[in-house]
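Engineer: Provided below are the primary sequence and the corresponding predicted coordinates.
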Amino acid sequence: MANKEKEIVMLLKEPRLTCEEKLYIKAYFSTLKHSKAYSILRPDLKSHNNNNPFSRSDAVQYHIKKGMIQKMESLDLSSDKILDLLLQEATRLGNGSSPTARVQALTLLGKQLGLFEEKKEEREGVTFNIINYKPVEESVLEIEEVKKEDTTPLPLDIKIETYNDNQEIT
């Protein structure tokens, strides 16, 4: 039984970090990107793409996840808490209150309660803008060749606009 207790205690111990790994974790929490954290730790290297041993380390990953969980717990944000804060902002009057903030809070509360339906925009057809960066003579010849080759008619709801260098629509 003593062996099982030792195994459990050993599994609960956090992995140890070297000084460089501790610095890397601090740099990661300041930037929230592995590549930037590694470039802070090793500014002498030009490329930080796949040469980052810290991002692959289990101990570093463990401590980063643990730190993220601690940050989330310290914020203590739940959906109920956010709704309470929105309600407080919506009913706030006096010094420091903003009509815009109240309207925004009321809008978000209404969306959460399902009072508003979002409308989807329906578009009539599709427009393609083709910008030509070649000289005018070449582009005119190419357009004429394409017109000769392609005989399939386009649907009526598709508009094609081409621009030459002078931004004239043809």
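Structural biologist: In hand now; what should we look at? Residues are numbered from 1 along each chain as shown.
Engineer: can you list contacts of stretch 65-81?
Structural biologist: Applying CB atoms under 8 Å, 6 or more residues apart in numbering, the contact partners of stretch 65-81 are 14, 25, 29. The C-beta positions use only the backbone N, C-alpha and C, and glycine is treated the same way.
Engineer: now do the buried residues in the biggest helix by length in the chain.
Structural biologist: Counting by DSSP state H, the longest helix found in the chain is helix 58-75. Neighbour counts over helix 58-75 (16 or more other CB atoms under 10 Å) mark 60, 63-64 as buried.
Engineer: and those residues, which is closest to Thr100?
Structural biologist: Using CB to CB, Ile64 comes nearest to Thr100 of the buried residues of helix 58-75, at 37.7 Å.
Engineer: hmm, back to that, ok, and the most crowded of the contacts of stretch 65-81?
Structural biologist: Among the contacts of stretch 65-81, Ile25 has the most neighbours (other CB atoms under 10 Å), with 20 neighbours.
Engineer: so that one, which of the three states?
Structural biologist: Under DSSP: H, G, I helix; E, B strand; the rest coil, Ile25 falls in the helix class.
Engineer: that one and Leu75: what is the separation?
Structural biologist: 19 Å (CB to CB, to the nearest Å).
Engineer: do Ala101 as well
Structural biologist: 20 Å.
Engineer: and this protein, split by domain according to the record?
Structural biologist: 2-75, 79-113, 126-163 (automatic domain parsing).
Engineer: least reliable of the ones you listed going by mean pLDDT?
Structural biologist: With a mean of 66, domain 126-163 has the lowest mean pLDDT of the domains of the chain.
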